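Just a sequence and a predicted model for now, questions to come.
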Amino acid sequence: MTDETTEELMGATYRALCKQGYASLRMQDIADESTKSKAALHYHYETKHDLLLAFLEYLYDRFEAELCEAKGDDPATQLTSFIEHRLTPRDEDTHQEFQTAILEIKAQAPYDDAYRERLTEFDRLIYRKIRSFLDDGIDRGVFKDEIDPDATAEFLVTHINGAQIRHVTVGYPIETTRQLLIEHIDQHVLADEADE
């Protein structure tokens, strides 16, 4: 499959998921969002499940590439920018619908090893990135020496994931959680000025 076809099918999958959600999504819905026929989709992906696994891999590759472009010169700026990016809707028109569809996929993970494996990769990637900011910040004296970088990274990953779920399920403003996490970093992670 060419890169152009992959991009088209992944874009069509995104649009169809936003419109239909996971449970109602059909291969025909994805075909309707692309220039390809349903038969052409089945040529590349035997089932909807196969296509969605490919879609998760596609999202992972894009997400990993985004993470390589950390904003800021110091670990504190990089960490807060990362949290702001993870907890800021990128597309106001489709954010809620897409996050709802992803939550539906996440709900399948306890019963589907392939989904769980892909989602675990996302979780560990976020953890490793946050942990790298924390390790660098401790080494450079920007973050408190006494923080446990492992526990702090796990805390932040859990809150980022929870903020997205809470936003989708009960409408809790994601901006509020984002601000609370940034305040937590300021109060509990950043080194005191006297210590610098």
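The structure has been received and is ready for your questions. Numbers count the residues shown, from 1 in each chain.

Backbone dihedrals for residue 143, please?
Residue 143 adopts backbone torsions of phi -110, psi 160, taken as degrees, to the nearest 10.

Repeat that for the one 4 residues further on.
Dihedral angles of residue 147 (phi, psi; degrees, to the nearest 10) stand at phi -70, psi 150.

go on, residue 190?
When read as degrees, to the nearest 10, the backbone of residue 190 gives phi -60, psi 140.

so what's it bridging to?
Residue 190 has these beta-bridge partners by DSSP bridges: residue 143.

So that it lines up with my notes, have the first residue be 667 from now on.
Sure, I'll start counting at 667 from here, so that last one is residue 856.

Run a quick check on it versus residue 808, I expect a contact.
Yes. Here residue 856 reaches residue 808: they are 6.9 Å apart, a contact under Cβ atoms under 8 Å. C-beta: built from backbone N, CA, C; applies to glycine.

so what's in contact with these two at the same time?
Residues touching both residue 856 and residue 808 (Cβ atoms under 8 Å, 6 or more residues apart in numbering) are residue 742.

mind giving me the domain ranges of this protein?
667-735, 737-862 (automatic domain parsing).

Adding mean pLDDT and mean neighbour count, write these out as CSV.
What follows is these, written out as CSV (pLDDT from 0 to 100; neighbours: other Cβ atoms under 10 Å):
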stretch, mean pLDDT, mean neighbour count
domain 667-735, 93, 15
domain 737-862, 92, 16
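
for the lengthiest helix in the chain, the distance to its chain's centre please.
Counting by DSSP state H, the longest helix found in the chain is helix 779-805. Here helix 779-805 shows a centroid-to-chain-centroid distance of 11 Å under the convention Cα atoms, centre = their mean, to the nearest Å.

right, and the helix or strand after that helix?
For helix 779-805, the following helix or strand on the C-terminal side (DSSP states H and E) is helix 815-836.

C-alpha coordinates for the helix or strand following that following helix, PDB please?
Next helix or strand after helix 815-836 toward the C-terminus (DSSP H and E): helix 840-850. Extracted as PDB, the C-alpha positions of helix 840-850 are listed here (Å, rounded to 0.1, in the frame of the first residue of the first chain):
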ATOM      1  CA  ILE A 840     -10.200  19.400  30.500                       C
ATOM      2  CA  GLU A 841      -8.800  22.900  30.900                       C
ATOM      3  CA  THR A 842      -9.400  22.800  34.700                       C
ATOM      4  CA  THR A 843      -7.500  19.500  35.100                       C
ATOM      5  CA  ARG A 844      -4.700  20.900  32.900                       C
ATOM      6  CA  GLN A 845      -4.300  23.900  35.200                       C
ATOM      7  CA  LEU A 846      -4.400  21.800  38.300                       C
ATOM      8  CA  LEU A 847      -1.600  19.600  37.000                       C
ATOM      9  CA  ILE A 848       0.500  22.600  36.100                       C
ATOM     10  CA  GLU A 849      -0.100  24.100  39.500                       C
ATOM     11  CA  HIS A 850       0.900  20.700  41.100                       C
END
